[in-house]
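Novice: What shape does this take:
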Amino acid sequence: MMRRLYDWMMNLARSDRAPHALFAVSFIESSFFPIPPDVMLVPMVIANRLKAWWYATIATVGSVIGGVFGYAIGYFFFEQIGQPILEFYGKADGVTEFLNWFNVWSVWIIVLKGMTPFPFKVLTITAGMAHMPLLEFIAASVVARAMRFYLVAGLLYYFGEPIREFIEKRLTLVTTVFVVVLVLGFVAVKYVF
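Specialist: Below you'll find the predicted structure:
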């Protein structure tokens, strides 16, 4: 089933409806859909590198708006909808522990995990369930998703097809290195300046 979804999305990325589909996939991936928008973003940027930043913007806006929908699921419908989604992703058992972390580090969890391939819908639903302040959630989501999608678009824009294979095989590594560099930058600013 996952392979059929992946193939369907790859074909859609080549069509005239690709920007609308990218927005839709970015939206639903943030609340329940299993396949990340990168599956469409990558071939779209490879096909037209001059639109890389536009495509990253579409993915970011769709993901943040979809994240608000995921937040609403966690806030209003956790037991009916949110819990089954978390169970599907194998994250339901750790909700209590995750909430403890989330209540202390909510913005940073959204920013750091939201940049990685970690299922963003788990974060959005948990943020709603934890009643994280909505404006903080939106701001953290904008930062996280923009950094992720602009990083992918930027690498593809500057390096083209060779970087696509690297990103597809090592997306976790690329985003993890970026997060480590970002955190080290914050630490350096705090202690050096």
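Novice: name the element Ile65 belongs to?
Specialist: helix 52-76 (DSSP states H and E).
Novice: by contact count, what packs against that helix?
Specialist: Helix 52-76 is packed against helix 18-29, helix 38-47, helix 120-129, helix 134-159, with contacts defined by 3 or more Cβ pairs under 8 Å, 6 or more residues apart in numbering; DSSP states H and E. (Glycine included, C-beta is placed from N, CA and C.)
Novice: Let's test this: mean pLDDT of the last one, rounded?
Specialist: Meaning helix 134-159. Helix 134-159 shows a mean pLDDT of 94.
Novice: what comes up buried for it?
Specialist: Using 16 or more other Cβ atoms under 10 Å as the test for burial, helix 134-159 gives 137-138, 140-153, 155-157.
Novice: related to what we said a few turns ago, tell me the angle the helix holding Ile65 makes with helix 134-159.
Specialist: Interaxial angle of helix 52-76 relative to helix 134-159 (axes from the mean of the first three to the mean of the last three Cα atoms, to 10 degrees): 150 degrees.
Novice: In helix 52-76, which residues are buried?
Specialist: Quick answer for helix 52-76 (16+ other Cβ under 10 Å): 52, 55-75.
Novice: For the helices and strands packed on helix 52-76, give me CSV that also has distance to Tyr89.
Specialist: As requested, the helices and strands packed on helix 52-76 are exported to CSV (distance: least, Cβ to Cβ, whole Å):
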stretch, distance to Tyr89
helix 18-29, 12
helix 38-47, 17
helix 120-129, 6
helix 134-159, 18
